Every structure is written in structure tokens, then in C-alpha cells.
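Q: Okay, predicted coordinates and the sequence, questions at the end:
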Amino acid sequence: MEKIPILRMGEFLLVTIQVDMHDRLAMTLQDDLTKRISETNAHGVLIDISTLEIVDSFIGRMLGNIAAMSRVLDARTVVVGMQPAVAITLVELGMSLPGVRTALNVDAGMELLRESLNGHGEGGKGQSDGRRF
Amino acid sequence: MATTLNQKTSGLSSIIAKHRDQILAEWLREMGGATRRSDLIKESELQSQCNRFIALLADATAQTGATVQSAAYDPLRELLADISRSRALQGFTPRETAVFVFSIKRPIFTAIREELSKDPTGMVEEMWNSTELLDGLGLYTTDAYLKSREETIHRQQEEMLELSTPVVKLWEGILALPLIGTLDSARTQVVMESLLEAIVRTNSQVAIIDITGVPTVDTVVAQHLLKTVTAARLMGADCIISGVRPQIAQTIVHLGINLLDVTTKATLSDAFALAIKKSGFTFVRLEKKKNKEQEEN
């Protein structure tokens, strides 16, 4: 069966979605990811969706769910590389993914994860959603 | 019926062919009045247009049972569309354009009267026939005129849409989108897309949407702005809305629009200062620094 690979990079898990997401694949990813987080004791999850071109409300909800589940398991989630068309679609669907942090690319995403991890270590900083000034 | 129609149309055709020069001369004289507009079109150009019109009219009426809409009139309609388009560009009014066709009526009627003076029934029929035909052609001219005007308006609208959404780079990683004019759904869509694409292209962390040039902000416009901000956030960029005028701030609160989740600033410079700070840059005035150093020394 088709699977999305989950790579471990130090304290973080790296998920690169490079195929069209269908519902079953999304559910599998959700299962695998939560399992891997608890196995590896990871503190951050980076999901790269730069090649994802089609989204529906289910995939949007899944991204939100993964972020929420990771938070329960004490890992921060950053979604990186969302395409303009995908962002517009999600907004039109009314899904602003409130609990999900976002970054422009993998570099910026890693930076954000490291920051939030440091903040986390220092006593719960970086809990707020998104990046506000 | 078909045979009578046949006779009628071919009759008109032969009359036109026979009296061609006379019709042309009278027609030009007919247009010599107020509708001539010698300031907009050259005599020679008008004459060649009239010549071609009469030639094509004679050809078209020679076809049996043809109406203005049928294929026999294609060349004539094309000529009229061409003329209307050029008149619209030259600055003729719709009336002046239509009169081009209507003013040929009198010369043609004169020709018919001369030709069929001994056959009153035939004359009335022929006149009715040609009136119907020329009215149809005149209306077609007006239609073509309006169509070309609408095309011009449409093209200009598109050009304005493109012109009015420039995304400018202010600094490394900082974009600005100065909005000018009323925002409607179609325009907001273009604005949103061009901003998001520019964010990806330039890899910018911060985008400033400046609404100083937006005359009014209603719920729809606010909704569009919020959508753009949310979409940018989903992509990993922060949006600042700047240029909120006092009246607009009042309107937003009165309308009960929630902009609490969005960073708003009164001026573009405030927003830029914030963006610079956010990106980890800082500005230092050199002279002051020098003075300080001197004081210290």
C-alpha cells in the first residue's frame, strides 16, 4: 500500500507530501505520524506541502487534526510551502487552520521549530498559535 | 411569394446598378450637412466607403430571398462593422454613425421613383422593401458601433485591473501592496493571487497591504482583506494592514468587523518600521551616532 515516508531529523520529524493526497492516504499518515511521534519522542513535526496542488476540506481538516494531535503528544507542527492556489482554496472553504503554524519554506520552518523548542524548554513560551508581533 | 420577392430584390439591385453614380453623388450631398463631420473623416475616405457600400449593396440585393442576416449580406455586414469600429475610434456619435446608412434612403427612393414611375404598386413595394433593408442595416451599424465601444471599455477595465495591483518589494523579505480604488470581488481575487504569488517568488516573510487609496471599506471589502491575510498566513507570511484612515476605523467598528487577529497600522511607515523590526533589521541615523561619538570623546 502507498505510504508517505516520515523522516527523522534529530528531534524533528519531516513529512514531505509528494503525491496527490486521497482520504485513505491522509488517514494512514495521521496514524503513522502519531505512532512515530510517540516512538521517537519527537518535539517537532515539519510537513512540507510545496508540491501539493489539490486540497479539499478533508485534507484541510486532516492538517488541523495532525497539528492538534501532535500538540497533545508534545510536538509542535509547522506546515511549510503552501502554494497560493491551495491557500486561497482553504480560505474559500472557510478553513483558516487556526492551530497550525506555517512557514514559507523548509528553512524557515526548521528555524521556527527550533525557536519554539527553545521557548518551550525555557518554560512554555511559543505556545501561541501562528506568529504574532 | 418567393418569385415576387425574387423580382423585388433583383429589381432593387438593377435599379441600384443603373443609377449608381447618381445615388452616390446624392448620398454624399445628403451627408454634406451637419452629420458630415469633415473634421473627423476625410472626403476621399468617405467616398471610398460609400462606393464600396453601394457596390456590396447591389451584389447583396441581387441574391434572391436574402435577408440582412443571411450569408449573402456577409460582405456588406463586414464592411459596416469595419466602418462602425473606425467611426467609434474616430469619435463619431452613434447617431452620426447610423445616419451614414439612413441617408442613402432618399437617393435610393429617388432612383426607384424615376425607374418605376409608371408602376405605382411596384414602386410602393420596392420602397417598402428598401426601407426594411436599410433600416436593418442601420440598426446593425448601431449594434456594431456599441459592440466596439463595449470592447474598448472592457479592454480598458482589464488594463486598469492589471495596473492597479502592483506588488512592490520594500526590503529583503518585505513586500508592499498599495491598493488604490474600490475593491470588488473580481479585483480582490487578482490582488490576492498576485500578492500570494509574489510572496512565493520573492520568499518574503512580511507583506504590507496599504489601503490608503481605498475610498470605502464595507463588510465585503473587509471580508476580502481578511481572506487575503489568512491565505498569506497559511503560506507562512505575516500580513500588516496599513493606511487605515480615521473614518475607516470608525466604519469598521460600527460594522462590527473583527480585525483583532490582524495587525493594523495607521500609516505605511509604521507598518514598514514594524516589518523591519520583525525581520531583525534596525535603522540607525548616522549623524546622531557621530555626534554621540564626539560627545564621548
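A: Sure, I can see it.
Q: Contact partners for residue B:148?
A: B:81, B:84-85, B:88-89 (CB atoms under 8 Å, 6 or more residues apart in numbering or on different chains). Just so you know, the C-beta spots here come from the backbone N, C-alpha and C atoms, and that holds for glycine as well.
Q: Can you turn the buried part of the residues you listed into a ChimeraX selection?
A: This is how ChimeraX selects the buried members of those, with burial counted by 16 or more other CB atoms under 10 Å in any protein chain shown:
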select /B:81,84,85,88
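Q: Where does residue B:207 fall, secondary structure wise?
A: strand B:206-213 (DSSP states H and E).
Q: Who does that strand pair with, and is each partner parallel or antiparallel?
A: strand B:174-180 (parallel), strand B:238-242 (parallel) (DSSP bridges).
Q: pLDDT value on the closest residue to chain B within chain A, please?
A: Using CB to the nearest CB, residue A:84 is the residue of chain A that sits closest to chain B, at 3.4 Å. The per-residue pLDDT reported for residue A:84 equals 92.
Q: Residue B:294 now?
A: Per-residue pLDDT puts residue B:294 at 69.
Q: now the strands paired with strand B:206-213 as TSV including distance to residue B:159 and mean neighbour count?
A: Putting those into TSV (distance: least, CB to CB, whole Å; neighbours: other CB atoms under 10 Å in any protein chain shown) gives the following:
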stretch	distance to residue B:159	mean neighbour count
strand B:174-180	14	21
strand B:238-242	27	23
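Q: what's near enough to touch residue B:102?
A: By CB under 8 Å, 6+ apart, residue B:102 lies in contact with B:134, B:138.
Q: got the contact list for residue B:144?
A: B:80-81, B:84-85.
Q: could these go into JSON lines alongside distance to residue B:169?
A: Conversion of the contacts of residue B:144 to JSON lines gives the following (distance: CB to CB, whole Å):
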{"residue": "B:80", "distance to residue B:169": "50"}
{"residue": "B:81", "distance to residue B:169": "46"}
{"residue": "B:84", "distance to residue B:169": "45"}
{"residue": "B:85", "distance to residue B:169": "41"}
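Q: Tell me which helix or strand the residue of the stretch 51-200 of chain B found nearest chain A sits in.
A: Nearest residue of the stretch 51-200 of chain B to chain A: residue B:196, at 3.4 Å (CB to the nearest CB). Assigned by DSSP H and E, residue B:196 belongs to helix B:185-202.
Q: What parts of chain A come near chain B?
A: Residues of chain A lying close to chain B (CB under 8 Å from any CB of the partner chain) are A:79-84, A:86-88, A:90-92, A:96-97, A:100, A:102-105, A:108-109, A:130-133.
Q: taking the residues you listed one by one, which sit in strands?
A: Assigned to strands by DSSP state E, the following of the residues of chain A next to chain B qualify: A:79-80, A:102-103.
Q: Filter the residues you listed down to the buried ones.
A: For those, buried by 16+ other CB under 10 Å: A:79-80, A:102-103.
Q: if we can go back for a sec, ok, and what's touching the helix holding residue B:196?
A: Contacts for helix B:185-202 (CB under 8 Å, 6+ apart): A:83-84, A:87-88, A:104, B:161-162, B:164-165, B:167, B:169, B:173, B:175, B:177, B:179, B:181, B:183, B:204, B:207, B:209, B:220-221, B:224, B:227-228, B:231-232, B:235, B:237.
Q: buried subset of those?
A: Buried residues within the contacts of helix B:185-202, counting neighbours by 16+ other CB under 10 Å: A:83-84, A:87-88, A:104, B:164-165, B:167, B:173, B:175, B:177, B:179, B:183, B:204, B:207, B:209, B:221, B:224, B:227-228, B:231-232, B:235, B:237.
Q: Dump the strands paired with strand B:206-213 to a markdown table, plus mean pLDDT.
A: Shown next, in a markdown table, are the strands paired with strand B:206-213 (pLDDT from 0 to 100):
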| stretch | mean pLDDT |
| --- | --- |
| strand B:174-180 | 91 |
| strand B:238-242 | 93 |
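Q: May I see the buried residues of stretch A:8-19?
A: For stretch A:8-19, a neighbour-count test (16+ other CB under 10 Å) marks A:12-17 as buried.
Q: Quick one: mean pLDDT over it.
A: For stretch A:8-19, mean pLDDT is 90.
Q: Span of it from start to end?
A: Using CA to CA, to the nearest Å, the end-to-end distance of stretch A:8-19 comes to 20 Å.
Q: re earlier: and which of the contacts of residue B:148 is nearest to residue B:42?
A: The closest of the contacts of residue B:148 to residue B:42 turns out to be residue B:89 (CB to CB; 14.5 Å).
Q: Which of the three states applies to the closest one?
A: helix (DSSP: H, G, I helix; E, B strand; the rest coil).
Q: Show me the shaky parts of the chain.
A: You didn't pick a chain, so chain A it is. A:1, A:120-133 (pLDDT under 70).
Q: please go with chain B instead
A: B:1-10, B:33-38, B:64-66, B:163-164, B:288-297.
Q: Could you list the domains of it?
A: Domain ranges of chain B: B:2-160, B:168-288, per automatic domain parsing.
Q: Burial check on the residue nearest to residue B:109 when sequence neighbours are not counted, number of neighbours?
A: Counting by CB to CB, 6 or more residues apart in numbering or on different chains, residue B:109 lies nearest to residue B:127, which is 6.0 Å off, once chain neighbours are set aside. Using other CB atoms under 10 Å in any protein chain shown, residue B:127 is surrounded by 17 other residues.
Q: related to what we said a few turns ago, tally up the residues packed near the residue of the stretch 51-200 of chain B closest to chain A, please.
A: 25.
Q: Residue B:41 belongs to a helix?
A: No - with three-state DSSP as the criterion, residue B:41 is assigned coil and is not in a helix.
Q: Verify the stated contact: it with residue B:91.
A: No - using CB atoms under 8 Å, residue B:41 makes no contact with residue B:91, being 9.9 Å away.
Q: higher neighbour count, the two?
A: Set residue B:41 next to residue B:91 and count neighbours by other CB under 10 Å: residue B:41 wins out with 19 against 11.
Q: can you tell me how far the more buried one sits from chain A?
A: Distance, residue B:41 to chain A, using CB to the nearest CB, to the nearest Å: 50 Å.
Q: sorry, back to before: is it true that the residue nearest to residue B:109 touches residue B:110?
A: No - using CB under 8 Å, residue B:127 makes no contact with residue B:110, being 10.7 Å away.
Q: which parts of stretch A:45-52 are buried?
A: Of the residues in stretch A:45-52, A:45-50, A:52 count as buried by neighbour count, 16+ other CB under 10 Å.
Q: Around chain A, pick out the residues from the stretch 151-297 of chain B.
A: B:192-193, B:196-197, B:199-200, B:203-205, B:227, B:230-238, B:263, B:274, B:277-278.
Q: Kind regards, and thank you for your time.
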